[in-house]
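S.K.: One predicted model, sequence on top.
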Amino acid sequence: MVTYAHAEEKQRSPFLGALAGIIVGAIFGLLGFLFATLPTARHLGWVLFLLVPVAAGIAIVFTMRGEGAVTAVALIATLFALFFLIAAGKEGILCALMAFPFVFVSLMMGVGVGFLLRELIGSAKAPTSTTLLLLPLLIVGGHQVELKTASQPRTAIVTTTIWLPAPPEQVWPYVQMVDSIGGPKPLLMHVGLPIPQRCVLSGTALGSKRTCYFDKGYIEESVLEWQPPYHMRFSVDRTNLPGRHWLGFENAEYTLQPERGGTLLTRTTSITSGLTPSWYWEPLERWGVASEHNYLFQDLQRKITSR
C-alpha cells in the first residue's frame, strides 16, 4: 500500500509541478505587463519584452524544481498570459501575435538563466523562496530605470503609391470621403489589424473634420491643407482603436499627380511608436500601415475602373 501511494505521488508530482510552473509564469507575465504599461510609462521596451519574460522563465524553473517539460510549460504560460490580455481587452490579437516570438525567446533565456542559478545556489526551499521574492523587485527596479532613461517616441513615415486610370478631378471625390470600403483583405486584417469601413467629411475647407470608422474604433482628423483636386493633409486629433495604446497617428496626406493620362495617387501616414527595440517593431508597424493603405487603394481602384 505504501509503495502504491508513493508511486501515485510520484506520478502526480510532474503534473502538479508543471501546473504550478504555468500558473507562476503566467502571473509574472500578466503582472509584469500591467506594471510596465502603467500610465507613467512613456513606452514599452526592454522591461516588458526582456526583463519580465526572463523573470517569468526563472520563476518557472524554481517553481517546477524539475527539468521535464519546461519548454512546454513556458509555451503554455506565454499563450495563457497573452490570451488573458486579449480577452480582457488589454491587447489585440495582432499585437499579441507580433509580440509572441520576442517574448517567448526572452522567456526561454530566462529558463536557461534559471537552471544556471539553481545549480549555483542549490535547490533548497529557502533559496527558491528568496529568488521568487526578489524577481518582482528586479522588475520594479528595471521599470524605474526605464522611466528615467526612456527617450521620446520614435517617428516613422509610411508612403504608398498607386496609378489610377482617371484624371485627378475624377479621383478626388473618392479620396476626400469614402462611403464604403470592401474587397480582399490583406493577411494582417485576418488576424486583428483594424479594417477601414468608411470616412465621413464635414466641410470642404481648412479646419473641416473627417472621421474614419473601422470595424472596431475610429480616428478623428482635421483638415490642415486643402487644395482640390491635387492635395489634402489631415492632422489626427484622436485615435480610438483597441489594443493600440503604444502607436500614435500624427497626420495623413494625399497627393494626386497627373501622369500618363491618369493619376499617380500617393498616401503618406506619419506615426509615432513607443515600442522598442525598433529593429524588431518598426518593420512590423510599417507593414501594418502599408496594409491599410493597400486595402484602401484596391477599393479605390475597383471603384474607378468600374465606373
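M.R.: Cool, got the structure. Numbering: from 1, shown residues only.
S.K.: Could you report the neighbour count for the closest residue to Thr161 other than its chain neighbours?
M.R.: Excluding the flanking residues, the one nearest Thr161 by Cβ to Cβ, 6 or more residues apart in numbering is Thr266, at 4.7 Å. Glycine gets a C-beta too; all of them are placed from N, C-alpha and C. The tally of other residues near Thr266 (other Cβ atoms under 10 Å) stands at 16.
S.K.: same deal with Arg238?
M.R.: Around Arg238 there are 11 residues (other Cβ under 10 Å).
S.K.: Any idea what it is bridged to?
M.R.: Per DSSP bridges, the residues bridged to Arg238 are Glu220.
S.K.: related to what we said a few turns ago, so what does whichever strand or helix holds the residue nearest to Thr161 touch, helix or strand wise?
M.R.: Thr266 belongs to strand 262-273 when assigned by DSSP states H and E. Judged by 3 or more Cβ pairs under 8 Å, 6 or more residues apart in numbering; DSSP states H and E, strand 262-273 is in contact with strand 154-164, helix 168-176, strand 247-259, helix 278-305.
S.K.: So for Ile121, which of the ones you listed sits nearest?
M.R.: Checking the helices and strands packed on strand 262-273 against Ile121 by Cβ to Cβ gives helix 278-305 as the closest, at 32.7 Å.
S.K.: Give me the buried positions along the closest one.
M.R.: 281-282, 284-285, 288-293, 295-301, 303-304 (16 or more other Cβ atoms under 10 Å).
S.K.: Stretch 205-223 too?
M.R.: Under 16+ other Cβ under 10 Å, the buried positions of stretch 205-223 are 208, 210, 212-214, 218-219, 221-223.
S.K.: Tell me what angle the strand holding Thr266 forms with strand 154-164.
M.R.: With axes from the mean of the first three to the mean of the last three Cα atoms, to 10 degrees defining the directions, strand 262-273 sits at 160 degrees from strand 154-164.
S.K.: export strand 262-273 as CSV, just CAs?
M.R.: This file holds the C-alpha atoms of strand 262-273, laid out as CSV (Å, rounded to 0.1, in the frame of the first residue of the first chain):
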residue,chain,number,x,y,z
GLY,A,262,-4.3,59.1,-65.3
THR,A,263,-3.4,60.0,-61.7
LEU,A,264,-0.5,59.0,-59.5
LEU,A,265,-2.1,58.8,-56.0
THR,A,266,0.3,58.9,-53.0
ARG,A,267,-0.8,58.3,-49.4
THR,A,268,1.5,59.2,-46.6
THR,A,269,0.9,58.4,-43.0
SER,A,270,3.1,59.7,-40.1
ILE,A,271,3.2,57.5,-37.0
THR,A,272,4.8,57.5,-33.6
SER,A,273,5.6,54.4,-31.6
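S.K.: So Ile219 sits against Arg238, correct?
M.R.: Yes: Ile219 is within contact range of Arg238, at 7.2 Å (criterion: Cβ atoms under 8 Å).
S.K.: where do the helices sit along this protein?
M.R.: 2-36, 46, 52-64, 70-87, 93-121, 125-149, 168-176, 278-305 (DSSP state H).
S.K.: most packed of those helices?
M.R.: helix 52-64 (a mean of 27; mean count of other Cβ atoms under 10 Å).
S.K.: Point out the other helices and strands that it packs with.
M.R.: helix 2-36, helix 70-87, helix 93-121, helix 125-149.
S.K.: re earlier: gap between the residue nearest to Thr161 and Glu285?
M.R.: 19 Å (Cβ to Cβ, to the nearest Å).
S.K.: Dump the buried residues of stretch 205-223 to TSV, plus pLDDT and distance to Gly262.
M.R.: As requested, the buried residues of stretch 205-223 are exported to TSV (pLDDT from 0 to 100; distance: Cβ to Cβ, whole Å):
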residue	pLDDT	distance to Gly262
Ser208	94	27
Arg210	94	25
Cys212	94	25
Tyr213	94	29
Phe214	93	29
Tyr218	93	31
Ile219	94	28
Glu221	96	27
Ser222	96	30
Val223	95	25
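S.K.: quick one: which of these is nearest Ile162?
M.R.: Closest to Ile162, out of all of those and judged by Cβ to Cβ, is Cys212, at 18.5 Å.
S.K.: what about the closest residue to that closest one other than its chain neighbours, distance to Gly57?
M.R.: Once flanking residues are discounted, Cys212 sits nearest to Cys199: 4.3 Å by Cβ to Cβ, 6+ apart. Going from Cys199 to Gly57 by Cβ to Cβ gives 45 Å.
S.K.: what's the answer for Asn294, then?
M.R.: 38 Å.
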